[in-house]
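Visitor: sequence? don't have it. structure:
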């Protein structure tokens, strides 16, 4: 077993995965981020008012009017 080679490969993988993903967000990525954000704030009275009274600017928002 070549320990030095394995360590070198692990370090290369660490550097590779440390680089941020520079691809632009697609519609599915934005929808998933919006959904997660909405789920995190679902119990906030301010957030519910924001959704209920149409301050939301997302085209796919689920307002309950």
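Guide: Cool, got the structure. This structure is a prediction, so every number in the text was calculated from the model and none was measured.

Visitor: Can you give me the pLDDT of residue 16?
Guide: Model confidence at residue 16, given as pLDDT, is 88.

Visitor: er, residue 1 actually
Guide: pLDDT, read off for residue 1, is 70.

Visitor: residues near it, how many?
Guide: Neighbour count for residue 1, taken as other C-beta atoms under 10 Å: 4. (C-beta placed from N, C-alpha, C; glycine too.)

Visitor: Also the one 5 residues further on?
Guide: As a burial measure, the neighbour count of residue 6 was computed by other C-beta under 10 Å and equals 10.

Visitor: Report the contact partners of it.
Guide: Listed by C-beta atoms under 8 Å, 6 or more residues apart in numbering, the contact set of residue 6 is empty.

Visitor: what's the next secondary structure element after the helix or strand where it lies?
Guide: Using DSSP states H and E, residue 6 sits in helix 3-18. Downstream of helix 3-18, the first helix or strand assigned by DSSP H and E is helix 27-40.

Visitor: so who does residue 33 touch?
Guide: Applying C-beta under 8 Å, 6+ apart, the residues contacting residue 33 are residue 25.
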